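1. pasted the sequence and its predicted model underneath.
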Amino acid sequence: MRKLPYKSGIGIGLALLSPAVLAVQLEDLQAIIHQVVMYALILFVIIVAVCVFFMRLRDKRAAPLRRIFQEGEAIHSVGPDTPVTECVRTMSAKKIGALLVMDGERLTGIFTERDALNKVLAAGLDPGSTKVSEVMTKDPCCVPPATTVGEAMELITKRRFRHLPIVENGKVLAVVSSGDLTHWLVKDQMREVQELVKLAAGPDRRDLARNH
């Protein structure tokens, strides 16, 4: 008979405790579900952003090269009799990797950092007495401004050079590098992707802070 009140007390306690435990478990379950939904939303936004990125990247690859440069922009060039030393100084001062070699208005070659290393220094030539016409890359590959960005990148990759003169009707309009092409392709896309991710993740981070 003494055990009856004890068992009754335990039973009543468990009966009172069960709703509280259940409520706590439900709250935990709701928090877990909330976090799963939040991360799923973030993942969805990231996937959408990446898809948008590659779709726009494909569209930008189809753009003509004339969209990359401005008409009348400075073109760094030297004459064929210019000493290599002067060419290297000009490239260093202008922070560029190549110079066009012009005979009047006619493009005869291009002199790059690779030419300076391989054809001058590695060959043991005196850069002060060596004319750029002796070590330049003659008759460089040129393309018209209607060439697409994708075609230009494919050409640069296959031919393994970094600088591509843009010529129309025998007139040099600009020189684009592989870095110029890559930068133009991604300069706006990465910022848009980052903004989308921040927009999706920002409010949810505050929710997490409140939950914890």
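-> Great, that's in hand. Here the structure is a predicted model, which is why all the values come from computation and not from measurement. Numbers count the residues shown, from 1 in each chain.
2. and the strands in this protein?
-> Applying DSSP state E to the chain gives strands spanning 77-78, 98-103, 106-112, 137-138, 163-168, 171-177.
3. could I get those as TSV with mean neighbour count?
-> Where C-beta positions appear, they are placed from N, C-alpha and C, glycine not excepted. Formatted as TSV, these follow (neighbours: other CB atoms under 10 Å):
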stretch	mean neighbour count
strand 77-78	18
strand 98-103	20
strand 106-112	20
strand 137-138	13
strand 163-168	20
strand 171-177	19
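4. okay, those in TSV with mean pLDDT next?
-> Formatted as TSV, these follow (pLDDT from 0 to 100):
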stretch	mean pLDDT
strand 77-78	96
strand 98-103	96
strand 106-112	95
strand 137-138	94
strand 163-168	94
strand 171-177	92
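5. tell me the domain ranges of the chain?
-> Following the assignment in automatic domain parsing, the chain carries domains at 3-62+188-211, 65-186.
6. rank these by pLDDT, which is bottom?
-> For the domains of the chain, mean pLDDT drops lowest on domain 3-62+188-211, to a mean of 60.
7. from residue 126, how far out is residue 163?
-> To residue 126, residue 163 is 25 Å away according to CB to CB, to the nearest Å.
8. swap in residue 77?
-> 23 Å.
9. ok, now residue 166?
-> Taken as CB to CB, the span from residue 166 to residue 126 is 33 Å.
10. ok so, going back, save the strands of the chain as a markdown table, and put in distance to residue 153 too.
-> Putting the strands of the chain into a markdown table (distance: least, CB to CB, whole Å) gives the following:
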| stretch | distance to residue 153 |
| --- | --- |
| strand 77-78 | 24 |
| strand 98-103 | 17 |
| strand 106-112 | 18 |
| strand 137-138 | 19 |
| strand 163-168 | 9 |
| strand 171-177 | 10 |
